[in-house]
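S.K.: need coordinates for the below:
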Amino acid sequence: FDVITGTGIRHVRKVEVATGTPSVSPRALGIFGLLGVYVGVIPVFLGLLWLPFLRSMPRSWMDFWISLTVGLLAFLAIDTFREAFEVMGRVPEFLNGLMLVALGAIGAFLALTGIDGIMRRRGGSRPAGARGMGLALMIAIGIGLHNLGEGLAIGAAYTLGEVALGSFLILGFTLHNTTEGLAILSPLVQEKVSWRDLFLLGLVGGGPTIVGTWTGAFTYSDPLSLVFLGIGGGAILQVISVLVRARAESGESAIEALAKPRNIAGLLVGFILMYLTGLLVAG
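M.R.: Next comes the predicted model:
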């Protein structure tokens, strides 16, 4: 609104419109749950539909898709910690926001390392992270924990009355997350996989977005957000380490694999792909 003083000086002031925080109800749970489905579950499932195309590619391109996956995950990790540093500025110093992020990241890294160890022991001599469903599941878990943070951002935007921002985040994250299905698929290109397995992977990768929208809408807090962002970042770093270790177990070091032009191209394509789709969120 405008305020004009007696001397004719004009002052323009902007007053934020107060909005009520949504209360927990079946209707609100349904609405924010659907937002999570649209943003996380459906895009990941759409990404999984690339499987027939990937299988039509020559087997020699397998390393390219694994490298592309590492590029995708590296971007997600950097983006997650970048967002965490932004939130740190809003957290009181006595809460030590950096330690909250570290707590979530280290906890997630150790938890997934333990899960990977259990899967390895059950698989006997065949490392669970080396190929197939075991590695795809680890990637889906890491992506799912990252998507939990995306759901938090969307739910919080609507809670704070930033409807336009929330709507834009939905559009941006929806397109952004379709690329995550590619990352989950890369270990399955040469494996026999059922539609039931793909459905499970899609739920693991996209389902946490629903939990994130609920949490952001009804119980959002910056300290809690830092913990969740740390969990997402730590999980992704652990999955990257599994991919690197799988390369070492195949008899070729990560540095030797990276020196191949096709693998370098995969890393760059994965990173650039996430960057370009991420512009839809940042814009």
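S.K.: from now on I want contacts and neighbour counts done on CA atoms only, so please keep to that.
M.R.: Noted.
S.K.: any weak-confidence spans in the stretch 151-283 of the chain?
M.R.: 159-173, 175-176, 246-254, 257, 280-283 (pLDDT under 70).
S.K.: show the residue spans covered by the helices in the stretch 151-283 of the chain.
M.R.: Assigned by DSSP state H, counting those that start in this stretch, the helices in the stretch 151-283 of the chain fall at 163-185, 195-206, 208-219, 222-249, 254-258, 261-282.
S.K.: can you tell which of these is closest to V37?
M.R.: helix 208-219 (6.3 Å; CA to CA).
S.K.: could you give the angle of that closest one to helix 195-206?
M.R.: Angle of helix 208-219 versus helix 195-206, following axes from the mean of the first three to the mean of the last three CA atoms, to 10 degrees, is 30 degrees.
S.K.: give me the number of residues near I264?
M.R.: Neighbourhood size, I264 [other CA atoms under 10 Å]: 16.
S.K.: now tabulate the helices of the stretch 151-283 of the chain in JSON lines and tack on distance to G142.
M.R.: Shown next, in JSON lines, are the helices of the stretch 151-283 of the chain (distance: least, CA to CA, whole Å):
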{"stretch": "helix 163-185", "distance to G142": "10"}
{"stretch": "helix 195-206", "distance to G142": "8"}
{"stretch": "helix 208-219", "distance to G142": "11"}
{"stretch": "helix 222-249", "distance to G142": "5"}
{"stretch": "helix 254-258", "distance to G142": "21"}
{"stretch": "helix 261-282", "distance to G142": "16"}
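S.K.: tell me which of the ones you listed is the most buried.
M.R.: Greatest average neighbour count among these goes to helix 208-219 (a mean of 26), per mean count of other CA atoms under 10 Å.
S.K.: nearest residue to the residue nearest the centre of the chain in space, please, no chain neighbours.
M.R.: For the chain, H146 is the residue whose C-alpha lies nearest the centre (CA atoms, centre = their mean; 3.1 Å). Nearest residue to H146, sequence neighbours excluded (CA to CA, 6 or more residues apart in numbering): G232, at 4.2 Å.
S.K.: the helix or strand harbouring the residue nearest to the centre of the chain packs against which elements?
M.R.: Assessed by DSSP states H and E, H146 sits inside helix 132-159. With contacts defined as 3 or more CA pairs under 8 Å, 6 or more residues apart in numbering; DSSP states H and E, the packing partners of helix 132-159 are helix 62-88, helix 97-122, helix 163-185, helix 195-206, helix 208-219, helix 222-249.
S.K.: repeat that for 6 Å
M.R.: In this structure, helix 132-159 packs against helix 163-185, helix 195-206, helix 208-219, helix 222-249, with contacts taken as 3 or more CA pairs under 6 Å, 6 or more residues apart in numbering; DSSP states H and E.
S.K.: next, the buried residues of that helix.
M.R.: Of all the residues in helix 132-159, those buried under the rule 16 or more other CA atoms under 10 Å are 132-159.
S.K.: ok, back up a step: closest to A77 out of the helices of the stretch 151-283 of the chain?
M.R.: Of all the helices of the stretch 151-283 of the chain, helix 222-249 sits nearest to A77, with 5.0 Å by CA to CA.
S.K.: next, the angle from that closest one to helix 62-88.
M.R.: Using the same axes, to 10 degrees: helix 222-249 against helix 62-88 is 160 degrees.
S.K.: what angle separates the helix holding H146 from helix 97-122?
M.R.: Helix 132-159 runs at 150 degrees relative to helix 97-122, counting by the same axes, to 10 degrees.
S.K.: check the offset of helix 132-159 from the chain's centre.
M.R.: Its chain's average C-alpha position is 4 Å from that of helix 132-159, according to CA atoms, centre = their mean, to the nearest Å.
S.K.: repeat for stretch 44-53
M.R.: Mean-position distance between stretch 44-53 and its chain equals 17 Å (CA atoms, centre = their mean).
S.K.: now swap in stretch 105-119 and tell me
M.R.: Taking the mean of its C-alpha atoms, stretch 105-119 sits 17 Å from the chain's own mean (CA atoms, centre = their mean).
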